[in-house]
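>>> sharing a model prediction with you, sequence too.
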Amino acid sequence: MSAQAGVTRNRELALLILALLIGAGAMCLVAVARSTKQVSIAAPFIIAVAVAYVIAHIIERRFASRSDPLILPLAAFLNFLGLAVIYRLSPHHFGRSQVTWTIVGIALFIATIVLVKDYKVLARYKYLFGFAGVGLLLLPLTPLGEQVNGARLWVRFPVFFQPGEAAKICLVLFFAGYLAERKELLAIASRRFLGFHIPDLKHFGPLLVMWGLSLAVMFYENDLGSSLLFFSIFIAMLFIATARVVYVAFGGLLFAIGAYIGYQAFGHVQERVTIWLHVFNPHLVNGNSYQLAQSLFAFATGGLFGTGLGQGRPDLIPAATTDFLFSGIGEELGLLGTVAVLLCFMLLVARGFRTAILCRDSFGQLLAAGLMTIFGIQTFVIVAGVTRLLPLTGVTLPFMSYGGSSLLANYVLIGLLVRISHQTAAEPLPAHTAEILIGGRR
Amino acid sequence: MERQIRQVAIVLLIAFGALFIQLNYIQIFAAERIAANPANVRALLQQYSIKRGDIVTYDGVRIAHSRATHQKLKYVRTYPQGELYGQLTGYYSILYGADRLESSYNNELLGRNSTLSMQDIQDRFLGGGQQGDDLRLTINSKLQEAARAALGTNRGAIVAIEPQTGQVKAMWSNPSFDPNPLASHDSKTARRYFNSIKGACPTSRLCDLATSYGYPPGSTFKIVTATAALDTGKYNPHSKFPDPNPLILPQTPQTLTNFSHTACNGGQPIDFFTAITISCDTTFAILGLRIPADIHTYAQRFGFNSAIPFDIPTQPSSYPKVKSDNRPFQAYDAIGQGNTRATPLQMALVAATVANGGVEMRPQLVYQVIDPKGGIVRGYQPQDLGRVMSPKTSAELTQMMVSVVQKGTGTTAQIPGVQVAGKTGTAQTGVQGTNPHTWFICFAPATNPKIAVAVLVEHGGTFGSEATGGAVAAPLARQVLEADRRISGW
């Protein structure tokens, strides 16, 4: 390991220790709030999680020594704080299993770093990822699928999981590989229409395929949130690859058509919009809009400083461990807590985009940017939903919400990111890039 | 591609910026309004997660208690004695808020006013079971029960006060209400019961007849008139008054007749002492016409025209100033008719003030605030409201009141071996076909008073049109005096 790498990793270790101390402190606080005896029950969890992160750090020193030092500590902070909130609400059930999922997630993170020796190799398997992604996405429609809370997103084989989370990463891998190869082709503008330079019509094919796939998810799986997420990620990556605003415009149009169809076709979509517009309507507030109203009460009760961890009543919010976990943070940690958490998400997204920009091959750039876009949009969509900025669509809050599928997928996501950032830093720079970078860093 | 990546990043940055703005809006700017929505049960849950302190009588009977429910609202308020203390404790209700002691001592009962102990700090920090302070009242449960037994089914009120301290030993108003259904966490139960008892004073069961409604005090008010006459030095017990029947009133063809419809002393001049013994209306009506300003001054000294400082809200008794063009009211008001109105609590204070040598004590219902470990957080000392009359006047009034019971209108209040001082009252309601309100105020023993009692029986109770203070109210007062004598051993 070079001296430069050593400094970077030591910085990571310092930040990781800080994140773990905050997480362990939060965990102890919620345990004590329940009863002082709970601390001894929570202690093994805290230690297990902390040890797992330290192991991940050591592996990084060995296999990804030049990687971005902020990614793992930020994930650790968000995950640990989420764990504390989940543990506070349900220590024996969700709390216990989320600890297990966290450790499995860290193991998957380690596996990603160790096994993916060169991320560029992944581009070769782009069609495999593409098929896997579509297959996973549609898996809940097979007899293996199960409907939970109205959405057919689950599969019980071999364990209960949400294949959409894994599909997300597979599809980004596919898009990155596909677009890296075709971006020049797709960017060629052969016609003019209404003042726009328009690429050959056949190049809109992939866009229409994705649109169809998103609609399928929306129609057959009743999941508006994931559907919008998939489609918007594709548009974003297409734009990054081609710099063609027309794709965004056309995509936006398709998106709007899809949303309109969804609104007309599904009662639950109309209901979401009604709830969003009239959350405090006395006829709804204890009925359909109960959940969102409770979420807003939680934020309002929290105010600037919050009630303190373990002192509020986030248990009043239905689904407080999953979709509405952020509301619990709002109540107990206040605006200071919510802003801190959001800043950490932003920082993580920013480090991801930085990794993308520093990367010197198209596939790596598209992959890092794509992964971070989906991560950022997902965070935005759920936080906007629970704060009533936008109608609520149920997606998980990355690293924080209860649920193994989401947690594992996100650990693979940052594993890939770490890999890309390490390789970018470790590989010798072409002379002109080195000049630009050194100049830029002065 | 760097450019596009930056552009996507900027779009995401703007989206996150919108989140920060929205969070500031819902957590700071609109927070108060959002949290105040009635569908937000957090404040309620917080209040009901505190084990509210007990309310106990002086002799340790628990009359309000918080019982664990093992539900979302952790504690429910219960009132083991039901109606007996309803008018004192009031209620603690989700739908209707808090009333009486539950309201005026809310902070103490929630434990907000006590000094912070280490345990409290730990509880607060860790959200452990908070516990409020207990209230120990001055009420003696046995005397309270005696008051209820004495009044029986009659509508009215009985107030018993220790003259030297102002401590209220019993205060019973019939009808009363049961605070239990109001405190119920089942809103249907609470609403149904509340709707069955709500209404205006004095008909509603929620109305405390002892403190919240003024009745014409009738001849019991003559003690106030007599105080003014004697304490100003303008008259003494031997002063002679004319004995007309009827008394011709100024500015009007109206006349004022005695209750008996005869002259008090066969038309011969009557001395003041005798006049009060036999409750001669014309004598006091004459005083009303002669010294109206003095009577007004002394009525206010006793507490008329302002709310009595007390541990629960009180309705002020009234003795208005009579305009010079309406002089007959000077006569009516001076004998406790006309526009004079008094609560039983006010009349109990009149008796207690005479008993206490002329110094009025602030009535006191709460004796101590006690923390959950039994330590006294605060003890309330007797407080005097000022001297109403000289010791000499109070001694003269005492002799007159003893005479009332020995040989006057209040003989039914006699207790063998004890000198009782008292005054009867029979107040016309001014409404055709309704029976008079009957009153008796008294204290005993006359030379070393232990207890002062006021009894009001609305519309004379079961005695109908024949009702008088002596026939109806005095025997009830005697029962309470005897009960106190048994309980306190004097």
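On my side now, so go ahead.
>>> direction included, what does the helix or strand encompassing B:Ala157 pair against?
In the assignment (DSSP states H and E), B:Ala157 maps to strand B:156-161. Strand B:156-161 has its sheet partners listed here by DSSP bridges as strand B:168-174 (antiparallel), strand B:451-457 (antiparallel).
>>> packed most tightly, which of these would that be?
With neighbours defined as mean count of other Cβ atoms under 10 Å in any protein chain shown, the strands paired with strand B:156-161 peak in mean count at strand B:451-457, which reaches a mean of 32. (Each C-beta comes from the backbone N, C-alpha and C, glycine too.)
>>> alpha carbons only: can I get it in CSV?
The C-alpha coordinates for strand B:451-457 follow below in CSV (Å, rounded to 0.1, in the frame of the first residue of the first chain):
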residue,chain,number,x,y,z
ILE,B,451,-66.4,24.9,63.6
ALA,B,452,-68.5,27.3,61.7
VAL,B,453,-71.3,25.9,59.4
ALA,B,454,-73.6,27.3,56.8
VAL,B,455,-76.6,25.3,55.5
LEU,B,456,-78.7,26.3,52.6
VAL,B,457,-81.8,24.2,51.6
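>>> now find how far off-centre stretch B:326-335 is within its chain.
27 Å (Cα atoms, centre = their mean, to the nearest Å).
>>> pLDDT of that stretch, averaged?
Taken as a whole, stretch B:326-335 has an average pLDDT of 93.
>>> buried stuff in that stretch?
Neighbour counts over stretch B:326-335 (16 or more other Cβ atoms under 10 Å in any protein chain shown) mark B:Arg327, B:Pro328, B:Phe329, B:Gln330, B:Ala331, B:Tyr332, B:Asp333, B:Ala334, B:Ile335 as buried.
>>> which outside residues touch that stretch?
Contacts with stretch B:326-335, where a contact means Cβ atoms under 8 Å, 6 or more residues apart in numbering or on different chains, come from B:218-219, B:221-222, B:225, B:247, B:249-252, B:254, B:256, B:281, B:284-289, B:292, B:295, B:319-320, B:322, B:338-340.
>>> and these, which of them are in helices?
Secondary structure of the contacts of stretch B:326-335 is defined by DSSP state H; positions in helices are B:Lys222, B:Thr225, B:Asp281, B:Phe284, B:Ala285, B:Ile286, B:Leu287, B:Gly288, B:Leu289, B:Pro292, B:Ile295.
>>> ok, those vs B:Lys392, which is closest?
For those, the minimum distance to B:Lys392 (Cβ to Cβ) is 17.5 Å, reached by B:Thr225.
>>> in the stretch 201-350 of chain B, what residue comes closest to chain A?
Using Cβ to the nearest Cβ, the single residue of the stretch 201-350 of chain B nearest to chain A is B:Leu206, 28.4 Å away.
>>> confirm that that residue lies within a helix, as I assumed.
No: B:Leu206: not assigned to a helix; according to DSSP: H, G, I helix; E, B strand; the rest coil it is coil.
>>> which of the contacts of stretch B:326-335 count as buried?
The neighbour-count criterion (16+ other Cβ under 10 Å) marks B:218-219, B:221-222, B:225, B:247, B:249, B:256, B:281, B:284-289, B:292, B:295, B:319, B:322, B:338, B:340 among the contacts of stretch B:326-335 as buried.
>>> the strands in the stretch 101-250 of chain A, which residues?
Secondary structure of the stretch 101-250 of chain A (DSSP state E, counting those that start in this stretch): strands located at A:145-148, A:151-156, A:160-161, A:189-193, A:196-199.
>>> so, low pLDDT: which residues of the stretch 151-300 of chain A?
Applying pLDDT under 70 to the stretch 151-300 of chain A flags the ranges A:151, A:157-159, A:189-199, A:201, A:203-204, A:207, A:218.
>>> that older thread, what's the burial count for the residue of the stretch 201-350 of chain B closest to chain A?
By the measure other Cβ atoms under 10 Å in any protein chain shown, the count of residues near B:Leu206 is 23.
>>> would you check that it makes contact with B:Asn195?
No: taking contacts as Cβ atoms under 8 Å, B:Leu206 lies outside contact range of B:Asn195: 11.4 Å.
>>> surely A:Val381 meets A:Val395?
Yes: checked against Cβ under 8 Å, the pair A:Val381 and A:Val395 is within contact range at 5.6 Å.
>>> shared neighbours, the two?
Contact with both A:Val381 and A:Val395 is made by residues A:Gly225, A:Leu229, according to Cβ under 8 Å, 6+ apart.
>>> relative to chain B, which residue of the stretch 151-300 of chain A is the closest?
Closest to chain B within the stretch 151-300 of chain A is A:Ala300: 3.7 Å, counting by Cβ to the nearest Cβ.
>>> the helix or strand harbouring that residue: how far from the chain's middle?
Using DSSP H and E, the secondary-structure element containing A:Ala300 is helix A:290-302. How far helix A:290-302 lies from its chain's middle: 24 Å, per Cα atoms, centre = their mean.
>>> that older thread, now for the ones in helices among the contacts of stretch B:326-335: which two are most distant?
B:Asp281 and B:Pro292 (16.3 Å).
>>> what's around the residue nearest to A:Arg9 when sequence neighbours are not counted, how many residues?
Distances taken as Cβ to Cβ, 6 or more residues apart in numbering or on different chains place A:Arg61 nearest to A:Arg9, at 5.1 Å, with adjacent residues excluded. The number of residues packed around A:Arg61, counting by other Cβ under 10 Å, is 18.
>>> so A:Arg61, which of the three states?
Three-state call for A:Arg61 (three-state DSSP): helix.
>>> from A:Ile17, how far out is it?
A:Arg61 sits 14 Å away from A:Ile17 when distances are taken as Cβ to Cβ, to the nearest Å.
>>> the residue of the stretch 151-300 of chain A closest to chain B: how many residues sit nearby?
By the other Cβ under 10 Å criterion, the neighbourhood of A:Ala300 contains 23 residues.
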